[in-house]
Each structure stands twice: as structure tokens, then as C-alpha cells.
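Trainee: What follows is a predicted protein model with its sequence.
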Amino acid sequence: MVQKIFILFSSISFIIYSFHSLFSRRMILDFARWGVKRLRILVAIFQMMGGIVLLLGLYNIWLLCLVSFLLTLMMIIAIIIRAKVKDSFMMTLPAILYALLNMIIFYNSFLEINTLKI
């Protein structure tokens, strides 16, 4: 039950954040400040796809394991970028929390795959 709540929370957050990445003036400025202005649309697409595939992962554990791993990597990269531009801890905290959240989803789905009777 907790895993499903984590999946729903993360997936909806990534879908909403993808729209912010595309249309929010603040996010457009942030991407420029982070030095990845040209990657904004691609990142937004990855965020949208990640959120949708997380939802599909409720029905396919292999998809869930893969996408949660990739979203964890994406958030680790976000943490590194924020560290390079010297963002405050509070500004970096959401990326840290989403990295941890998706790492938990990945870990749990990985364990579930490894206990499947094939």
C-alpha cells in the first residue's frame, strides 16, 4: 500500500513538473541558470514519460523497476547540477527527496522481481 502511494505521488509530481518545465517562466529561467537551457524540453519530455510509465508500472513490475531507476538517476544528476551552481540546501532538497523516493520504489520493485517465481 505504501509503495502504491509513493508511486502515485512521484508519478503525479513528475507529470505536473513536466508542464512547469515547459510553461513556467520561473522554470525556464532556472534551466538557463543551471546551464541546461537547451535541454529543457527534452527533460520535460523525460519527466512526462517517467510519470506516465511509473503509473503503468503499477501493472508491470519490470517497467516500474526500470523507470524508477532512471528517475533516480535523473534526480541525482539534478542534485549534481544544483551543487555546481551552488544552490542552497533548501533549493536542492526537492531533488534529494525525489531521488530517495524513486530509489525506494526501485529497491522495492527490484526485490519483488527477485522473488517472482518464473
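Mentor: Noted; the coordinates are in hand.
Trainee: which residues sit in contact with M74?
Mentor: Residues near M74 by C-beta atoms under 8 Å, 6 or more residues apart in numbering: V43, F46, Q47, G50. Using the backbone N, CA and C atoms, a C-beta is placed for each residue, glycine as well.
Trainee: and those residues as a markdown table, adding distance to L111?
Mentor: Output for the contacts of M74, formatted as a markdown table (distance: C-beta to C-beta, whole Å):
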| residue | distance to L111 |
| --- | --- |
| V43 | 29 |
| F46 | 25 |
| Q47 | 26 |
| G50 | 21 |
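Trainee: which one among these gets closest to M91?
Mentor: Of all the contacts of M74, M91 sits closest to V43, with 17.0 Å by C-beta to C-beta.
Trainee: That closest one is in what secondary structure piece?
Mentor: helix 40-56 (DSSP states H and E).
Trainee: same question, F69
Mentor: Assigned by DSSP H and E, F69 belongs to helix 61-84.
Trainee: how far off helix 40-56 does that helix point, in degrees?
Mentor: Comparing the axes of helix 61-84 and helix 40-56 via axes from the mean of the first three to the mean of the last three C-alpha atoms, to 10 degrees yields an angle of 140 degrees.
Trainee: I appreciate the help and will end here.
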